[in-house]
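>>> below are the sequence and a predicted model for it; my questions follow.
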Amino acid sequence: MRRWQLNGWGEPKQVMELVEVDAPEAKAGQVVIDVRAVGLNYPDLLQIKGSYQAKPPLPYTPGAEIGGVISEVGAGVTQWQVGDRVVWMGRNGLADKTVAPADGPLRIADSLPFDKAVSIPTNYGTGLFALKDRACLRPGETVLVHAGAGGVGSAAIQMANAMGATVFATAGGPEKKAVCERLGAAAAIDYLSEDFVERVKELTDGRGVDVIYDPVGGDTFDRSRKVIGWDGRILPIGFTSGRIADAPTNHILLKNYSVVGVHYGAAVARDPMLAVRNMELLCRWYDEGKIDPLVMRHVPLEEAAQAFEDLGTRNSWGKLVITP
């Protein structure tokens, strides 16, 4: 079978190699998943470059958001049968097959396509945890979503709307601005031609917003503090800008707002049922039409390295999905 492999860290097309390996077999307590789709995420790219907080041992196969069909179950596995449809927030996804611990995958309904399914666990799971559990978002509140046309931001726009909030979003360029509007943003701001600080002040009559969803960090975080309202909550989701911002405590005190950490993976590690509960709610929202993961492009497995290059140069919006 085919599998992408890294033997070092660097730019995707320089360090990723598509190799032929033996197909895995399920040992006791494991299942084999025939991979149907893999969602690409920015942390995957940071991992390939060696810039992520933790580095896995080499050789390493990227791909953490995996959808597929169980094709083999190991000894002692009773909760799964061959043919079950699943998603798994795991590892070694960029391959024709991968092995998962039996307690890792989540069951998905026949009504949920695999390309949509792999968009949910990370982007939507993180967003739901951030907005519902960390920010305690209430109906009628206002939310500013940065990078609203990306996989993370597009999910946040839809979920904040589903929770009854009014959503403003930033994006780079007219095309991405239009994407945010189609997703349900009450106002979209092109940060390449508009000052989002001034625009948000106009939209809120100077009050600022209740919640800021920030996967960018750096200067975006610094300037966002100018438009966070009284009792507001800033959610640092990531740092795609490449700079980790500082949060001045005197400003937090004076404006009575909170900077609320969001680490969904660690939360799920402490409470695995959190992922199950979130997936059930998100699948229900999908069936009800409240969310619809934005898939930009389907990419064949052999072009995965180029897809990561596109992800890094911002030549994408929504979700890039690998389809072996």
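Alright, I've got the coordinates. Numbers count the residues shown, from 1 in each chain.

>>> okay, now the domains of the chain?
2-119+293-323, 123-265 (automatic domain parsing).

>>> what's the first-to-last distance across the longest one?
Start to finish, the residues bounding domain 2-119+293-323 are 12 Å apart (C-alpha to C-alpha, to the nearest Å).

>>> how far does that domain sit from its chain's centre?
14 Å (C-alpha atoms, centre = their mean, to the nearest Å).

>>> just to revisit the earlier point, what's the most buried one of the domains of the chain?
Compared across the domains of the chain, domain 123-265 shows the largest average neighbour count, a mean of 20 (mean count of other C-beta atoms under 10 Å). C-betas here are computed from N, CA, C, even on glycine.

>>> tell me which of the domains of the chain sits nearest to residue 283.
Nearest to residue 283 among these is domain 2-119+293-323; the distance by C-beta to C-beta comes to 6.1 Å.

>>> can you give me the mean pLDDT across that closest one?
In this model, domain 2-119+293-323 carries a mean pLDDT of 92.

>>> leaving out the residues flanking it, which one is nearest to residue 46?
residue 52 (4.2 Å; C-beta to C-beta, 6 or more residues apart in numbering).

>>> assign the one you found to helix, strand or coil.
coil (DSSP: H, G, I helix; E, B strand; the rest coil).

>>> relative to residue 120, how far out is it?
22 Å (C-beta to C-beta, to the nearest Å).

>>> quick one, what contacts the spatially most central residue of the chain?
Centroid-nearest residue in the chain: residue 123, 2.5 Å away (criterion: C-alpha atoms, centre = their mean). Contacts for residue 123 were tallied using C-beta atoms under 8 Å, 6 or more residues apart in numbering; they are 39, 41, 151-152, 154-155, 293, 319.

>>> can you pull out the helices in the stretch 101-250 of the chain?
114-117, 125-128, 151-162, 174-183, 196-203, 218-224, 249-255 (DSSP state H, counting those that start in this stretch).

>>> so which elements touch the helix ranked longest in the chain?
Counting residues, the longest helix found in the chain (DSSP state H) is helix 273-287. With contacts taken as 3 or more C-beta pairs under 8 Å, 6 or more residues apart in numbering; DSSP states H and E, helix 273-287 sits against strand 106-107, helix 125-128, helix 264-270.

>>> please repeat the previous calculation with a cut-off of 6 Å.
With contacts defined as 3 or more C-beta pairs under 6 Å, 6 or more residues apart in numbering; DSSP states H and E, the packing partners of helix 273-287 are helix 264-270.

>>> and the helix it packs on, how far from the chain's centre?
Relative to the chain's own centre, helix 264-270 is displaced by 14 Å; criterion: C-alpha atoms, centre = their mean.

>>> how about residues contacting it?
125-126, 129, 274-275 (C-beta atoms under 6 Å, 6 or more residues apart in numbering).

>>> pLDDT check: weakest of the residues you listed?
residue 275 (90).

>>> for it, which non-adjacent residue is closest in space?
residue 268 (4.7 Å).
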